[in-house]
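Participant: just coords:
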Ligand code: FES
Ligand code: FES
């Protein structure tokens with residue numbers, strides 16, 4: 001038996017899109033498969049990895065746990081809608097400048113979770129950044145650069161002149177050997 005089809009008008013990145021999809025499909029599936037917005041990544045589908053994070057009415061949500069049929073009338077924002085015109089979001093700039101992505105699979109979800117944090121709290125402490133990203137797993141970077149990049153993005157968003165620290169880009173200098 002064919003699954004029941006839902007037809008909904010979803011507001012994604014400021015655009016109203018009317019779309020038909022199997023009624024049981026998640027927002028993650030509809031974003032990627034029906035709307036072609038593949039920036040939102042498909043990970044565990046269990047709410048455990050965070051790579052599918054998008055914004056719904058400004059709050060970070062796991063799109064693999066949201067039924068698309070239930071989001072009509074909500075403002076959905078994906079990583080494709082993070083920059084404004086030709087201008088990258090400050091977090092996109094800091095992640096790029098610092099090299100805070102390796103394979104990049106976790107990056108869209110982290111950018112969205114971090115953007116929700118900065119919208120609510122422009123000057124988060126390291127502990128607040130950690131807490132906001134606690135549900136976003138990364139298998140590559142070891143998190144240090146991610147945390148630094150969120151702090152850098154926050155500084156840029158506040159209009160400060162942030163540059164990555166040289167040791168963040170190139171590592172710390174080797175210790176000078178002691179004279180014997
Ligand atoms: S794919 Fe949604 S949390 Fe992993
Ligand atoms: S950069 Fe590869 S999973 Fe995070």
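Facilitator: Looks like it came in fine. Not measured: the values here are computed from a predicted model. Numbering: from 1, shown residues only. Ligands and ions are numbered 1, 2, ... in the order given.
Participant: what comes up buried for the helix or strand hosting residue 129?
Facilitator: Assigned by DSSP states H and E, residue 129 falls within helix 126-132. Residues of helix 126-132 classed as buried: 129, 132 (neighbour count, 16 or more other C-beta atoms under 10 Å). Backbone N, C-alpha and C define where each C-beta goes, glycine included.
Participant: please apply the same query to stretch 46-58.
Facilitator: Under the neighbour-count criterion of 16+ other C-beta under 10 Å, stretch 46-58 has 49-56 buried.
Participant: state the mean pLDDT of stretch 157-175.
Facilitator: Averaging pLDDT along stretch 157-175 gives 88.
Participant: with stretch 61-69 instead?
Facilitator: For stretch 61-69, mean pLDDT rounds to 98.
Participant: and what of stretch 11-18?
Facilitator: If you average the pLDDT over stretch 11-18, you get 98.
Participant: ok so, going back, among the buried residues of stretch 46-58, which are located in strands?
Facilitator: Of the buried residues of stretch 46-58, the ones assigned to strands by DSSP state E are 53-56.
Participant: now render those residues as CSV, adding pLDDT.
Facilitator: Formatted as CSV, these follow (pLDDT from 0 to 100):
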residue, pLDDT
53, 98
54, 98
55, 98
56, 98
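Participant: closest to residue 176 out of these?
Facilitator: Closest to residue 176 out of those is residue 53 (44.3 Å), distances taken as C-beta to C-beta.
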